[in-house]
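> just coords:
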């Protein structure tokens, strides 16, 4: 597949601007129809898409079939969201001409910001890539999109892009509404982010990649928002009573979660925290036993394999780190070893290397002296996508401060589950304090992801004919609005 | 007044963190009571506050009395907002255990982010300073606040801070919930922004100041949000039919708006755009005449006076710039000259100096050939707080693309009014694309300003006893929530 020449980026972004100027006026119904057509066209690719993605990513067909369902589900969810229409957060304060001073008529709602650059993720070649959540939410908002395909799956990305193009043609949407850029290396991504026409960036991937894009965006003459979801180590707190009551179930669930998709999830539980005691001593052999049941499998690509093996070996070689369970594969190419190790809290807190994410099937258990020590370990880990508690309800009630600390450090706090598995819904928050993501105020999964591509504009004393329908007196779209302080769907 | 030593900042931020840890658990009623008590204590300062602010700012007593009303009004508005409670954007998706895969119970709402540093503004010693909108909204959200007093009004700031302290004592709020830092020079502001305990920054002032704070915040190990409202030139489009029908009224309104408070408003109309023709030729002498009626007055401080006189003289000296009206005062200290000048569109677009903000009683009229030329001038001006149209309704209907361009460039689009005068209400948007403000997604005026100091946290399968009341099944606070996609105040 041919790399896109750097010299084409300027034309691409110029077309993206023109397409945005046209598409921002598309009705919500037209936007929704396009999103639905993209879903249908992706489904029409059938096994070709699944087989191509399997070949490029080494992910099993069942997993990719599920991911395709997530992808088309997201497209239809955003279609439903824009058809319903209340997401624009319309607020109206009507004029008070008799007040001193008089209050003008003020009407505000969210508007799309402009061309968005989306970087595909290697670990989700469908749901977080070409027609993934970033693209779906940006189109739903009314933005144009330029996709930088992940170099690990160019053929998959091209298939999906062609499906999008067919949908665009069917719907008479602007031809350049979605564009596709192929290429390896930093230069092309940097050029896209630095182009003056680019108004926002979506990224899911490594901390190094996300931080680079953020720096490019901030150094522009006009800085732009970057929504980089950079993963985290997702601490899991195993409290004694839960370990005592459900040791086997927890061991099985966590051996599975640590190795799910060969650990290639941004919500992979890279850290387990537990309090020293007989419950933990009983649990660890069960975890080791469950871990040894996990079949080895290929990673996404050799680059990830090399990075993982290097980082895991470095972690295991640290003073005070003791292996609990290890599966050695001896493959230099793509199938990783897997391991769980343990370390005491003091050693963990003092060694910065142990707090770094290891992207792959590896987790470190930190033995803490007591709940206060465990809270200190949590604090030392910094911003997270998720923090999980395995606990009994009576037990956690005595540890409110642990839960409060978790809510200060993470975007999502999970009870008695695994952090892997990110529901696509209105209440989801996928994103957390830096460095888990670059902007902890926004989610990249679920309907609120649309907010990333918008900003509010207020119209003061605007003639009604010039207002968007969402702000008309008679509320023709029957959306929920805040009018003079009250929420409702009524007309003025 | 003694400067706060740099060596004290670490202790101050440590106390701010402890105060936040306590105050984030305060009930909405307790937060509201504190905000209301601060309003009462500010009112109790009576003439002492007004006289002190007059002395330090040179603003007339009537203006400061109005500004005090705005300040206490904001405090009470945020008190009402937190008592009502729906601002937390609660979203609940209940469990679907029978779905494949099962959906967990997910509940999300906004939480306060931590200690906030607020920089007082010189041009609003009350409403945008010590107990201004930033402080009021941050306390409403549940954050602690460290105020950096503006060096132009330390005594005013200290009076207000003492009022806040009395309110804190009455309400049994944490003693260090609000702290006050005095000092000139960059070091103290930089130290506050760079301190690891600081979680967000609010600033209203110059572009140079705002950009510095933004850079400090982005260079931290953990970057934090900066909400810098840096002002803009606020273009005003004068369309021919309006000029033909209402020349005198527009001339009077704009002579007043350009010189209001000696031009020291971030929404001051620094640029007028009009189309060449007899309507404009008729209007300009009327504007000059109205302008000459404006009495001279002192600026806020000599630093602003010096900067204004230098910038205005440099603008008037540019090739192609012709003075329409000028009031020469010949005061080297504090009373400024005032001027309105004109230039053609080509000269304006080609000369970057003319697009820079001139903070003070000065405005430049750009003569455009036609509407397309006028749109090009707008585009060349970049991000704005406001763009205003003086127009007849029939007339503007033929210029939809001008209005659309304005909505892409500004946070607020005004019709047949002046941009000065920023209503404090739910529908207000005060903030615009860079460089008008550092984050165009958030407003610094009105109830939505509270969102700046928060981020969403999602709880998955959380025992109800650990959830905040806003997310309980029975909706004890009777707030508006989105439950399984539907908005309402009902219980589950």
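Thanks, I have it. For clarity, every value in this text was computed on a predicted model and none was experimentally measured.

> so the helix or strand harbouring residue A:213 versus helix B:207-218, what angle?
Taking DSSP states H and E as the criterion, the element that holds residue A:213 is helix A:207-218. Here helix A:207-218 runs at 180 degrees with respect to helix B:207-218, directions being taken by axes from the mean of the first three to the mean of the last three C-alpha atoms, to 10 degrees.

> in the stretch 151-300 of chain A, which spans are helices?
A:154-170, A:186-194, A:207-218, A:240-259, A:278-291 (DSSP state H, counting those that start in this stretch).

> among those helices, which is nearest chain B?
Of all these, the one in closest proximity to chain B, counting by C-beta to the nearest C-beta, is helix A:207-218 (5.3 Å). Any C-beta I mention is one placed from the backbone N, CA and C, and that applies to glycine too.

> got the buried residues for that closest one?
A:207, A:209-214, A:216-218 (16 or more other C-beta atoms under 10 Å in any protein chain shown).

> now render those as JSON lines, adding pLDDT and distance to chain B.
Putting those into JSON lines (pLDDT from 0 to 100; distance: C-beta to the nearest C-beta, whole Å) gives the following:
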{"residue": "A:207", "pLDDT": "94", "distance to chain B": "13"}
{"residue": "A:209", "pLDDT": "95", "distance to chain B": "16"}
{"residue": "A:210", "pLDDT": "97", "distance to chain B": "12"}
{"residue": "A:211", "pLDDT": "97", "distance to chain B": "10"}
{"residue": "A:212", "pLDDT": "97", "distance to chain B": "14"}
{"residue": "A:213", "pLDDT": "97", "distance to chain B": "13"}
{"residue": "A:214", "pLDDT": "97", "distance to chain B": "8"}
{"residue": "A:216", "pLDDT": "98", "distance to chain B": "12"}
{"residue": "A:217", "pLDDT": "98", "distance to chain B": "10"}
{"residue": "A:218", "pLDDT": "96", "distance to chain B": "5"}
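
> okay if I get those residues as a markdown table plus distance to residue B:242?
What follows is those, written out as a markdown table (distance: C-beta to C-beta, whole Å):
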| residue | distance to residue B:242 |
| --- | --- |
| A:207 | 54 |
| A:209 | 52 |
| A:210 | 49 |
| A:211 | 50 |
| A:212 | 50 |
| A:213 | 45 |
| A:214 | 45 |
| A:216 | 44 |
| A:217 | 40 |
| A:218 | 41 |
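
> CSV for the helices of the stretch 151-300 of chain A, including distance to residue A:302?
Conversion of these to CSV gives the following (distance: least, C-beta to C-beta, whole Å):
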stretch, distance to residue A:302
helix A:154-170, 16
helix A:186-194, 19
helix A:207-218, 18
helix A:240-259, 19
helix A:278-291, 24
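
> and residue A:324, how many neighbours?
Using other C-beta atoms under 10 Å in any protein chain shown, residue A:324 has 17 other residues around it.

> wait, a strand at it?
Yes. In this structure, residue A:324 lies within a strand as judged by DSSP: H, G, I helix; E, B strand; the rest coil.

> distance of the nearest residue to it once chain neighbours are set aside relative to residue A:254?
Nearest residue to residue A:324, sequence neighbours excluded (C-beta to C-beta, 6 or more residues apart in numbering or on different chains): residue A:340, at 4.6 Å. Distance from residue A:340 to residue A:254, counting by C-beta to C-beta, to the nearest Å: 9 Å.

> how deep is the residue lying closest to residue A:463 once chain neighbours are set aside tucked in, by neighbour count?
Nearest non-adjacent residue to residue A:463, counting by C-beta to C-beta, 6+ apart: residue B:393, 4.5 Å away. For residue B:393, the number of neighbouring residues by other C-beta under 10 Å comes to 15.

> which residues touch the closest residue to chain B within the stretch 101-250 of chain A?
Evaluated by C-beta to the nearest C-beta, the stretch 101-250 of chain A has residue A:106 as its residue closest to chain B, separated by 3.8 Å. The contact partners of residue A:106, by C-beta atoms under 8 Å, 6 or more residues apart in numbering or on different chains, come to A:91-93, A:458-460, B:423, B:425, B:427-428.

> and it, its phi and psi?
Torsion angles at residue A:106 (phi, psi; degrees, to the nearest 10) stand at phi -130, psi 130.

> just checking, what packs against the helix holding residue A:213?
Contact analysis of helix A:207-218 by 3 or more C-beta pairs under 8 Å, 6 or more residues apart in numbering or on different chains; DSSP states H and E lists helix A:186-194, strand A:200-204, strand A:226-229 as its packing neighbours.

> list of residues touching that helix?
By C-beta under 8 Å, 6+ apart, the residues outside helix A:207-218 that reach it are A:119, A:186, A:189-190, A:193-194, A:201, A:203, A:223-226, A:228-231, A:357, A:435, A:437-438, B:218, B:223.

> with stretch A:365-377 instead?
By C-beta under 8 Å, 6+ apart, the residues outside stretch A:365-377 that reach it are A:235, A:237, A:271-276, A:280, A:284, A:324, A:340-345, A:348-349, A:399, A:401-402, A:405.

> what's the closest of the contacts of residue A:106 to residue A:3?
residue A:458 (43.7 Å; C-beta to C-beta).

> in a strand, that's where that closest one is, yeah?
Yes. With three-state DSSP as the criterion, residue A:458 is part of a strand.

> and the nearest residue to it once chain neighbours are set aside, what does it touch?
In space, and not counting its chain neighbours, residue A:458 is closest to residue B:429: 3.7 Å by C-beta to C-beta, 6+ apart. Residues counted as contacts of residue B:429 (C-beta under 8 Å, 6+ apart) are A:108, A:456-458, B:411-412, B:443, B:446, B:448.
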